[in-house]
Structure formats: C-alpha cells, structure tokens
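**Student:** Let me see the structure of the following:
(one chain, ligands or ions: 1)
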Amino acid sequence: MAVIIDGKKISQQIKDELKEKVQKLRAEGKHGALAVIQVGTDPASGVYVRNKKNACAYIGIDSLAYELPEETGEEELLGLIEELNQKEEVKGILVQLPLPEHICEDRVIQAISPEKDVDGFHPWNTGKLTIGEPGFVSCTPAGIIQLLKRSGVETEGKNCVVIGRSNIVGKPMALLMLRENATVTIAHSRTRNLPEICRQADILIVAVGKPQLIGAEYVKKGAVVIDVGIHRDENNRLCGDVKFDEVEPLASAITPVPGGVGPMTIAMLMNNCVQSIETGQEG
Ligand code: NAP
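**Tutor:** Residues are numbered from 1 along each chain as shown. Next up is the predicted model:
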C-alpha cells in the first residue's frame, strides 16, 4: 500500500504559514496586491481565476481583477500590463492562460516585468532557474518539490524521470529536481522505450496531459509517483495521467487526482506573491 501524498493538507499548511507571514509583513508596513487578468470567458479559466482571488483573500493579500472581453486586442492587453508594471502597490501580475488565438502568449509573458512575474514564466526567471539563481519558479513544479520535501521523500542521488517537456511544467520540473541533486531524465512524445525508461525511476513525475496513460508497466516497485495531469473521464470524474488503481499497489507513495498536485499550484502562487511583497523583488 502506497502512502497517499495529501496535496490538500500540505497546500493548506503552506497557506496558513503564508497567512502568518503576511500579517507580520503588514505590521512592518509591507503589503501589495496581485493583479489577475482574464481575457474572455472560458469557464475553466473563470474557476482558476476565482480560486486565485479566494486564496489571496485567505492569506490576506489584495487582489485586483481585470476581466477583459474576448475581442480585446493585443496592444490593449500589453498597455494594461505596462500600466500594472508601473504601479508600486502591484507586486504580482498574472495573465490567465490560454489567451484567445489573436493574442501572442509569448509576447504577453515577456511584457510582464520579471520582478512581478509571479507565474515564473518570463524568460528572465526561467533563465535564472537554469543557472541556479533565485527567481520566481513556475508554481506547479515548485509545488511538487514542496510535496516531496514535506512528505519526507529523499531526492539526492535518486533517479527521477519527468515525462513531459513543456515550458511551464516538464522543463522547470526537471531543473528543480536537478537542483535537488536527483539524476534526471526528461521523456517526451518522441522518447523510445518509454515504459523501460520509466521503470528506472525512483521518482516518476508524469506531466503528459493524456488521461490515464501511465499504467503498472511504467512503474518500478517502490517508486514515488507524482501525477500532474488533470482531466475528466468518460463519467465526468476527475482523473490524472496515471492509472491510479493500477499503480498505487506498486508505488511507495503517490499523489491522487484530485487532491494531489492541483492544490499546490495556487499555494505556490501565493508563496511567490508573498516573496515579492517581502523583498520587493523575486525570491
Ligand atoms: P503539454 O504542454 O501538453 O505537454 C505535454 C508533454 O507531454 C509534452 O512535452 C509532450 O511531448 C509529452 N507527451 C505527450 N504525449 C506523450 C506520450 N504519449 N508519451 C510521452 N510523452 C508525451 O502539457 P503541460 O502544460 O505540461 O501539462 C501536463 C498535464 O498537467 C496536463 O494534463 C495539464 O492539465 C496538467 N497540469 C496540471 C496543473 C495542476 O495545477 N495540477 C498545472 C499545469 C498543468 P512533446 O513535447 O514531444 O509534444
């Protein structure tokens, strides 16, 4: 029987720690707001934006909501970002992705001041991660590191396989595991012999974005399995990239979906915001 890594509980601990920190910072006269920009009315994005505002309210930081219509032009969006870059009280700027097709996401990400890029997507911050300097780190991979640390999972010298090489999950995840002294392999859609490679992993981190792709044949007995995926199955129930029922008996520890990686993303976003308020710059 695997230990079930409880992301709900761990994210709550982090938010409670941050709440206390925010109170102390306020007493020192340090405060600031997170600006959240949403373009269009995608229902999933709406839920994420609402959760972010609620998390801000919970830990005690201000949030500013900008809900722009679907037809908003790129120049208009870039103009708003520039305005927010200049505003002293705004310590974090987040543009909810995906954006409508007529807006270039890369241009938008790069318009955000790196010092307010609490999502950690700006090339300045991804570059800092690459060279091992402090900076804002993408929230989902940063949350996975917290899950591992707070669950007592040893990383040093362990074989870690990350499946997925996206800029927001796979690549920063691999760099963070490297920072934790794991021996890291990145697998992707062109990887040959994927099950065999995955079976080398002491820690298997799955971010493929394919519902229940990863079954028992990918998992070594005793491995720690982290499932980043989030999907709806044919019965409209939430599921991950991993076949939980098949993999759980083999694993020593595993994250469930829901209640594993998901709640950590917002907790780490809050962490980045607090860091920005605390230092006035990236942490
Ligand atoms: P993505 O941009 O679609 O990247 C998926 C990666 O998986 C790509 O690198 C792709 O390889 C690789 N891949 C796809 N099919 C594969 C296969 N059959 N075998 C091996 N590799 C394969 O997705 P993402 O943004 O990284 O997100 C991954 C998953 O995490 C999604 O389900 C997403 O919803 C979820 N997610 C969850 C959270 C959270 O808070 N829980 C946050 C972010 C993302 P190529 O590069 O070769 O195409």
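**Student:** Three-state assignment for residue 54, please.
**Tutor:** Following DSSP: H, G, I helix; E, B strand; the rest coil, residue 54 is assigned to helix.
**Student:** Up against the ligand, what does the stretch 51-200 of the chain have?
**Tutor:** Taking CB under 6 Å from any ligand atom as the contact definition, the stretch 51-200 of the chain meets the ligand at 140, 163-166, 168-170, 187-191, 194. Yep, even glycine has a C-beta here, placed from its N, CA and C like the rest.
**Student:** and those as JSON lines, adding secondary structure?
**Tutor:** Shown next, in JSON lines, are these (three-state DSSP):
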{"residue": "140", "secondary structure": "helix"}
{"residue": "163", "secondary structure": "strand"}
{"residue": "164", "secondary structure": "coil"}
{"residue": "165", "secondary structure": "coil"}
{"residue": "166", "secondary structure": "coil"}
{"residue": "168", "secondary structure": "coil"}
{"residue": "169", "secondary structure": "coil"}
{"residue": "170", "secondary structure": "helix"}
{"residue": "187", "secondary structure": "strand"}
{"residue": "188", "secondary structure": "coil"}
{"residue": "189", "secondary structure": "coil"}
{"residue": "190", "secondary structure": "coil"}
{"residue": "191", "secondary structure": "coil"}
{"residue": "194", "secondary structure": "helix"}
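**Student:** burial count for residue 51?
**Tutor:** Residue neighbour count, defined by other CB atoms under 10 Å, stands at 15 for residue 51.
**Student:** Let me have the residues of the stretch 51-200 of the chain next to the ligand in a markdown table, adding pLDDT and neighbour count as columns.
**Tutor:** As requested, these are exported to a markdown table (pLDDT from 0 to 100; neighbours: other CB atoms under 10 Å):
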| residue | pLDDT | neighbour count |
| --- | --- | --- |
| 140 | 98 | 22 |
| 163 | 99 | 29 |
| 164 | 98 | 23 |
| 165 | 98 | 17 |
| 166 | 98 | 16 |
| 168 | 96 | 19 |
| 169 | 98 | 24 |
| 170 | 98 | 23 |
| 187 | 98 | 23 |
| 188 | 98 | 13 |
| 189 | 98 | 10 |
| 190 | 98 | 7 |
| 191 | 98 | 15 |
| 194 | 98 | 19 |
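**Student:** show me what contacts residue 213?
**Tutor:** Each residue near residue 213 by CB atoms under 8 Å, 6 or more residues apart in numbering is listed here: 206, 241-242.
**Student:** Among these, the buried ones, what's the ChimeraX command?
**Tutor:** In ChimeraX syntax, the buried subset of these is picked out as below (16 or more other CB atoms under 10 Å):
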select :206,241,242
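**Student:** Residue 92 should be in a helix, yeah?
**Tutor:** No. Residue 92 is assigned strand when assessed by three-state DSSP, not a helix.
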